[in-house]
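Asks: structure for the following, please:
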Amino acid sequence: MAAGTGVHDRRFDSGRVCLDLVATGADSGDRERIDRPAGLAEWLVASRLVPHGTPLGAVDEAWVARFRQLRSYVDCLMAAQLGSGGADSALEQVNALAAGAPPGLRAVRGQGGVLVRALSAEPGCGELLAAVARDAVDLLTDPVARAALRRCEGDACRRLYLDTSRGLRRRWCSSEVCGNRERVARHRRRVRAVS
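Replies: Numbers count the residues shown, from 1 in each chain. So this is what the prediction gives:
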């Protein structure tokens, strides 16, 4: 499932949690989705960084600021990967965050005795930042994943995603949203050209 909780967000699946974090920004053409602690807590669950029901009472404005900073570093690194300049400072910051320990995981019995994922303890901000930063490092150091990195071609959309389509021909973050907008715009241009 994609990051965020809105209808538009559910149609977007970047393929990586670090790219889902980048998609939470207002510069993706939508509203800022990590603007307060509750928004960050919702995103942490929706992105599957923490299992549903995990206590997130420690999430505060400092967490929001730190996740937004990581988001800008990851966005800068991905833009550099796509040919938009260097990002040495951002790389240093992401590497420093990735060096931290991610949250501890364990399997517990859920409803009906099925094993489900749980965290060993209430997660700290640094642990969750480390998990996202490690995902960014994994993406940037995996030649196959890195080659599939794309930016949406939709007007005013800056979302990033991994193109896992057959033939690597995906052009939009979401066919239902950006793809549909492009098809409607193309249709309107053809109608105007005929008239």
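
Asks: which residues of the protein fall in strands?
Replies: Secondary structure of the chain by DSSP state E: the strands cover 105-109, 115-119, 149-151, 160-162.

Asks: so which of those is nearest G15?
Replies: G15 sits nearest to strand 160-162 of all the strands of the chain, at 3.5 Å, using CB to CB. From N, CA and C alone the C-beta is placed, and that goes for glycine too.

Asks: can you give me how far the closest one is from the chain middle?
Replies: Using CA atoms, centre = their mean, to the nearest Å, the distance from the centre of strand 160-162 to the centre of the chain it belongs to is 9 Å.

Asks: re earlier: what's the most buried one of the strands of the chain?
Replies: Mean neighbour count (mean count of other CB atoms under 10 Å) peaks for strand 160-162 among the strands of the chain, with a mean of 23.

Asks: so what does that one touch, helix or strand wise?
Replies: helix 17-22, strand 149-151 (3 or more CB pairs under 8 Å, 6 or more residues apart in numbering; DSSP states H and E).

Asks: contacts for the biggest helix by length in the chain?
Replies: When the chain is parsed with DSSP state H, its longest helix is helix 61-81. Around helix 61-81, the neighbours that count as contacts under CB atoms under 8 Å, 6 or more residues apart in numbering are 18-19, 21-22, 24-25, 34-37, 39-40, 85-87, 90-91, 93-94, 97, 125, 128-129, 132-133, 136, 140, 146, 149, 160.

Asks: tell me how far it lies from the chain's centre.
Replies: Remark: helix 61-81 is offset 10 Å from the chain centroid, using CA atoms, centre = their mean.

Asks: for ChimeraX, what selects the buried ones among the contacts of helix 61-81?
Replies: In ChimeraX, this line selects whichever of those come out buried by 16 or more other CB atoms under 10 Å:
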select :18,19,21,22,24,25,34,37,39,40,87,90,91,93,94,97,125,128,129,132,133,136,140,149,160
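
Asks: on that earlier part again, pLDDT on the longest helix of the chain, on average?
Replies: Helix 61-81 shows a mean pLDDT of 96.

Asks: output that helix as PDB - backbone C-alpha positions only.
Replies: Extracted in PDB, the C-alpha atoms of helix 61-81 (Å, rounded to 0.1, in the frame of the first residue of the first chain):
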ATOM      1  CA  GLU A  61       7.000  17.800  16.100                       C
ATOM      2  CA  ALA A  62      10.700  16.800  16.300                       C
ATOM      3  CA  TRP A  63       9.900  13.500  14.600                       C
ATOM      4  CA  VAL A  64       8.000  15.400  11.900                       C
ATOM      5  CA  ALA A  65      11.000  17.700  11.300                       C
ATOM      6  CA  ARG A  66      13.400  14.800  11.100                       C
ATOM      7  CA  PHE A  67      11.300  12.800   8.700                       C
ATOM      8  CA  ARG A  68      10.800  15.800   6.500                       C
ATOM      9  CA  GLN A  69      14.600  16.400   6.500                       C
ATOM     10  CA  LEU A  70      15.200  12.800   5.500                       C
ATOM     11  CA  ARG A  71      12.600  13.200   2.800                       C
ATOM     12  CA  SER A  72      14.500  16.100   1.300                       C
ATOM     13  CA  TYR A  73      17.800  14.100   1.400                       C
ATOM     14  CA  VAL A  74      16.200  11.100  -0.300                       C
ATOM     15  CA  ASP A  75      14.500  13.400  -2.900                       C
ATOM     16  CA  CYS A  76      17.900  15.100  -3.600                       C
ATOM     17  CA  LEU A  77      19.600  11.700  -4.000                       C
ATOM     18  CA  MET A  78      17.000  10.300  -6.400                       C
ATOM     19  CA  ALA A  79      17.000  13.500  -8.500                       C
ATOM     20  CA  ALA A  80      20.800  13.200  -8.700                       C
ATOM     21  CA  GLN A  81      20.400   9.600  -9.800                       C
END
